[in-house]
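In: Sequence below, structure please.
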Amino acid sequence: MLSRTADNLYWLARYMERADFLARLIEASRRLAALPKAYGGAQSEWTSVLLSSGASDAFAATRRPVDEANVAHFLAFAPEYPGSMRNCLEHARANARAVRTALTAEVWEAINDGFLEMKSFERKAGDCDGSAISRFTEFVKKLSIAYDGGAYRTMLRNDAYWFTRLGLLIERADNTARLLDVKYHVLLPEKEIIGGSLDYFQWAAILRAVSAHTAYHWVYRDNLKPWLVADLLILRREMPRSLISCYEGLVDNLDRLSKAYGRQGEAQRQSRAVYGRLERLTMENAFQGGLHEFVQEFISLNNQLGALIGEQYLS
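Out: As a prediction, the model looks like this:
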């Protein structure tokens, strides 16, 4: 496969996953912001959204107040912010169009039809209220599922499929890690007690952001506890968005590429090294060493893997 084609497939998946993550992040923060202040309706939720999405500096340049209307509209539709959902869907469609023949009809139609429908939301963006943003985030989530389901059910298990999985899993691992980090260092005010009512509702919102609230109770059959939420999102293989599940998939897909192309490289070695560290990790060690420090190191290692994949296959 041409490196350019691999690059388009890889970034198509990353942009679709990024748009889905932003939609879930906005929904979770809207739930928190709607709570009475005694139960979580603090003013830090929208700051946390900007931090976890990496959009703080870009939003600050607009000089607008940090509130629900401004932040949600910025992350949904801002043409000047490359990471907005609107731009993610446009970039995903451009990448898909460039490799149209490498995609099945179902995958292309999901992306193209979704892009055209997104334009109708964009035309009404100036009049967007809370309910309109909710409709748009729900649309983006359904579009992501349609794309991912179409790819899973109809694409051949060859290098085209493997490159889309690499993009999706690298992006998903990054998003999950950032979400964990922001919860620990932004949301909970200094005077709040860990395990208190505010802490509980914030963890519940984080779990709902990654569709894991029900899964948590299935796995642990217990009230929400920070170390168990972290365990679910870091070390539980059965949780699709957990860090170890993402890296299990990355190792598998990189190994498939190495077998197909007859050679291995630094990307395979890096993915196995990170996967091995996650296998040896315990929550006790993660919390003793500092969850923030662990997450920051993981994000750095994940970015390194993304760069190595780029050097090895996409350039």
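In: Pull out the buried positions in stretch 270-285.
Out: Applying a neighbour-count criterion of 16 or more other C-beta atoms under 10 Å, one finds 270-272, 274-275, 278, 281 buried in stretch 270-285. In this view, the C-beta of every residue, glycine as well, is placed from N, C-alpha and C.
In: Next: stretch 109-116.
Out: Those would be 110-111, 114-115, for stretch 109-116 by 16+ other C-beta under 10 Å.
In: Any chance of those residues in TSV with secondary structure as columns?
Out: Formatted as TSV, the buried residues of stretch 109-116 follow (DSSP: H, G, I helix; E, B strand; the rest coil):
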residue	secondary structure
Ala110	helix
Ile111	helix
Gly114	helix
Phe115	helix
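In: what's the most distant pair in those?
Out: Spatially, the most separated pair among the buried residues of stretch 109-116 is Ala110 and Phe115, at 9.7 Å (C-beta to C-beta).
In: from the buried residues of stretch 270-285, which ones fall inside helices?
Out: 270-272, 274-275, 278 (DSSP state H).
In: what does the host helix or strand of Gly249 contact?
Out: Following DSSP states H and E, one finds Gly249 within helix 243-261. By C-beta atoms under 8 Å, 6 or more residues apart in numbering, the residues outside helix 243-261 that reach it are 157-159, 162-163, 165-166, 169-170, 172-173, 176-177, 233-239, 264-265, 267-268, 271-272, 274-275, 278-279, 298, 305, 309, 313.
In: roughly how far is it from the heart of the chain?
Out: With C-alpha atoms, centre = their mean, to the nearest Å as the basis, helix 243-261 stands 19 Å off its chain's centre.
In: Now Asn303. Nearest residue, chain neighbours left out?
Out: Distances taken as C-beta to C-beta, 6 or more residues apart in numbering place Asp174 nearest to Asn303, at 7.5 Å, with adjacent residues excluded.
In: To what extent is the one you found buried, counted in neighbours?
Out: Close neighbours of Asp174, defined as other C-beta atoms under 10 Å, add up to 22.
In: was I right about it contacting Leu305?
Out: No. Contact criterion C-beta atoms under 8 Å: Asp174 and Leu305 do not qualify, at 10.0 Å.
In: Just want the phi and psi numbers for Ser242.
Out: phi -70, psi 160 (degrees, to the nearest 10).
In: In contact with it, which residues?
Out: 176, 232-236.
In: Ranking by neighbours, what's the top pick from those?
Out: In the contacts of Ser242, the most neighbours by other C-beta under 10 Å go to Thr176, 27 neighbours.
In: Quick check: it vs Ala205, distance?
Out: According to C-beta to C-beta, to the nearest Å, Thr176 and Ala205 sit 15 Å apart.
In: Please apply the same query to Ser131.
Out: Ser131 is 19 Å from Ala205, where distance means C-beta to C-beta.
In: swap in Val49?
Out: Going from Val49 to Ala205 by C-beta to C-beta gives 11 Å.
In: between the two, who's got more neighbours?
Out: Shown here are Val49 and Ala205; by other C-beta under 10 Å, Val49 has more neighbours (28 against 23).
In: Touching, that one and Arg24? I think so.
Out: No. Counting by C-beta under 8 Å, Val49 stays clear of Arg24, with 10.7 Å between them.
In: all helices in the stretch 101-250 of the chain, in order from the N-terminus.
Out: Ranges of helices within the stretch 101-250 of the chain are 105-123, 130-154, 159-182, 197-209, 213-220, 226-235, 243-261, based on DSSP state H, counting those that start in this stretch.
In: Now do the helix holding Gly249 against helix 159-182, angle only.
Out: Between helix 243-261 and helix 159-182, the angle comes out at 160 degrees (axes from the mean of the first three to the mean of the last three C-alpha atoms, to 10 degrees).
In: got the angle between helix 243-261 and helix 226-235?
Out: Here the directions of helix 243-261 and helix 226-235 differ by 0 degrees (the same axes, to 10 degrees).
In: What residues of helix 243-261 count as buried?
Out: Buried residues in helix 243-261 (16+ other C-beta under 10 Å): 243-251, 253-254, 256-257.
In: Same question for stretch 74-81.
Out: Neighbour-count burial for stretch 74-81 flags 74-78, 81 (criterion: 16+ other C-beta under 10 Å).
In: List the contacts of it.
Out: 22, 25-26, 49, 53, 55, 58-59, 62, 64, 83-87, 121-122, 125, 128, 133, 136-137.
In: All set, thanks.
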